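Peer 1: no sequence for this one, just the structure:
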């Protein structure tokens, strides 16, 4: 795994390290790219008091001075979509405010996004959810407890599986806009 602040000069993250701290300063992006393996990278920042996972294509971005940050880029840059691939990815990160630039794959697997943003209490903007065929538990508790989430993402899925939307928006007490139509044609 490598990271860069400018997309040109890359720093290698050793696979032997349990934790790497990367200082995200005001208005600075941190880009990640894979070294050709399906490595995962766990990043801890003491300012955020939380663990964050990083993969090829992800970036973290802070555009203010209060240590909040945004994430974006394609999740599909992780080598394989599989069961529970991205579950708990940002769970309980209290400084994540915006995930609207995060690009989720169009396919799903069992529990792949389960609790992905659970209790991210500062999250205001969610990513788009492009999948039209959902796997068991794929979005279960995805935004559970995101008390500042105002707009629910569109839910374009036409084929649903067991528990795919279970508790997805439970505890999202600030929701104002929710999808008015669910285009579902097939239920599990």
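Peer 2: Cool, got the structure. No experiment lies behind these values; they were computed from the predicted model shown. Numbering: from 1, shown residues only.
Peer 1: which residues in this protein form strands?
Peer 2: Using DSSP state E, the strands of the chain run over residues 2-4, 11-12, 28-33, 41-45, 50-54, 59-62, 69-74, 96-103.
Peer 1: for those, which has the smallest mean pLDDT value?
Peer 2: Among the strands of the chain, strand 41-45 has the lowest mean pLDDT, at a mean of 42.
Peer 1: give me the below-cutoff pLDDT ranges for this protein.
Peer 2: Residue ranges of the chain with pLDDT under 70: 1, 7, 15-29, 32-65, 76-80.
Peer 1: which ones are touching residue 163?
Peer 2: By Cβ atoms under 8 Å, 6 or more residues apart in numbering, the contact list for residue 163 reads 136, 137, 140. Placement of C-beta: from N, CA and C, glycine included.
Peer 1: now the buried members of those residues.
Peer 2: 136, 137, 140 (16 or more other Cβ atoms under 10 Å).
Peer 1: isn't the second one right up against residue 160?
Peer 2: No - counting by Cβ atoms under 8 Å, residue 137 sits too far from residue 160 to count as a contact (11.3 Å).
Peer 1: on that earlier part again, looking at the buried ones among the contacts of residue 163, which is nearest residue 119?
Peer 2: Distances from residue 119 to the buried ones among the contacts of residue 163, taken as Cβ to Cβ, are shortest for residue 140 (14.3 Å).
Peer 1: touching, the closest one and residue 161? I think so.
Peer 2: No - applying Cβ under 8 Å as the test, residue 140 and residue 161 come out as separate, 10.3 Å apart.
Peer 1: how about residue 152, what does it touch?
Peer 2: By Cβ under 8 Å, 6+ apart, the residues touching residue 152 are 126, 143, 169, 172, 175, 177, 178, 179.
Peer 1: by neighbours, which of these wins?
Peer 2: Top of the contacts of residue 152 by neighbour number is residue 143, holding 27 neighbours under the definition other Cβ atoms under 10 Å.
Peer 1: enumerate every residue touching residue 118.
Peer 2: Residues counted as contacts of residue 118 (Cβ under 8 Å, 6+ apart) are 88, 91, 92, 141, 142, 143, 144, 145, 146.
Peer 1: for residue 183, same thing?
Peer 2: Applying Cβ under 8 Å, 6+ apart, one finds that residue 183 lies in contact with 156, 157, 158.
Peer 1: at 7 Å what do you get?
Peer 2: Counting by Cβ atoms under 7 Å, 6 or more residues apart in numbering, residue 183 makes contact with 156, 158.
Peer 1: same question for residue 106.
Peer 2: Residue 106 neighbours (Cβ under 7 Å, 6+ apart): 130, 131.
Peer 1: next, count neighbours for the residue nearest to residue 100 when sequence neighbours are not counted.
Peer 2: Nearest non-adjacent residue to residue 100, counting by Cβ to Cβ, 6 or more residues apart in numbering: residue 125, 4.0 Å away. By the criterion of other Cβ under 10 Å, residue 125 has 17 neighbours.
Peer 1: right, I'll leave it there.
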